[in-house]
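Peer 1: what follows is a predicted structure for the sequence shown.
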Amino acid sequence: MKKFEFELSGLSGIGICIMIGLCVLGNCVGDSIEKMADKDRYVTVKGLAEREVKANKVVWPLPYNCVSNNLDELYNSVEKNKNTILAFLNENGISGDEIILSAPKVTDREAQSYTPDNIKYRYQAESVVTVISPQVDKVLQLMNSMARLMKQGIAIGQDYRYSTEFEFTLLNDIKPQMIEEATRNARAVAQKFADDSKSTLGGIRQANQGQFSISSDANTPQLKKIRVVTTVDYFLK
């Protein structure tokens with residue numbers, strides 16, 4: 001009888017150990033599942049940063065045309081107009097290293113496959129004086145003073161091939177600040193979401209900087225709007 005009781009009590013001790021082990025294991029598994037669930041909880045937000053900057057470079061083409069029935073006279077006209085334009089630019093603060101001259105493009109109208117009957121001049125020369133300058137304000141003033149060239153007999157052509165372009169070339173200088181601002185705005189949105197959902201905002205799960213875009217209005221092309229949107233995933237606890 002005593003031997004039987006000893007064996008029974010021994011088995012009870014083993015059972016208790018097994019039960020304790022199962023409880024510990026269950027708690028560990030439960031904690032792991034809870035941690036895994038926490039890792040799956042996150043919120044995706046976007047942060048925007050915008051800035052308006054002024055162009056620091058302008059490309060200003062000044063195309064002009066000359067016509068004649070004599071090639072020598074045509075050449076002289078091209079040179080005269082070129083020199084007049086250069087004088088106009090130099091007198092108004094545009095230096096020679098800011099000017100590019102293109103070779104004249106001469107067209108023999110009578111050699112074309114289709115020649116209108118009312119052609120008055122056989123030869124036409126097209127040439128372009130291009131200003132590439134950081135003096136954006138100066139060029140804007142000159143663009144509004146083109147009537148001075150017209151008074152000297154030069155009509156600057158209006159051609160879609162030679163449109164004026166304003167550029168901002170210092171994007172790399174402001175990228176870090178804008179990315180920081182966009183990320184800060186994204187975190188503010190995520191914090192608001194966490195507060196509303198009674199959660200605690202954790203660290204960054206994943207982030208995408210996004211692309212910088214530069215745009216301008218047709219009426220004020222010298223003013224550029226720079227924009228970047230970052231997408232960030234934040235863990236929630």
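Peer 2: That came through, no problem. Residues are numbered from 1 along each chain as shown.
Peer 1: residue contacts, Lys225?
Peer 2: Contacts for Lys225 (Cβ atoms under 8 Å, 6 or more residues apart in numbering) come out as Glu50, Arg51, Glu52, Ile214, Ser215, Ser216. C-beta here means a position set from N, CA and C on the backbone, and glycine is covered the same way.
Peer 1: right, and the helix or strand after the helix-or-strand element of the chain with minimal mean pLDDT?
Peer 2: Within the chain, no helix or strand scores below helix 2-39, which has a mean of 49 by mean pLDDT, DSSP states H and E. Counting by DSSP states H and E, the next helix or strand C-terminal to helix 2-39 is strand 42-54.
Peer 1: by contact count, what packs against that following strand?
Peer 2: In terms of contacts (3 or more Cβ pairs under 8 Å, 6 or more residues apart in numbering; DSSP states H and E), strand 42-54 is packed against helix 171-196, strand 223-236.
Peer 1: which SS class is Pro63?
Peer 2: With DSSP: H, G, I helix; E, B strand; the rest coil as the basis, Pro63 sits in strand.
Peer 1: check this protein and tell me which residue is nearest its centre.
Peer 2: Ser213 (2.7 Å; Cα atoms, centre = their mean).
Peer 1: isn't that residue right next to Leu171, touching?
Peer 2: No: with contact defined as Cβ atoms under 8 Å, Ser213 does not reach Leu171; the gap is 10.5 Å.
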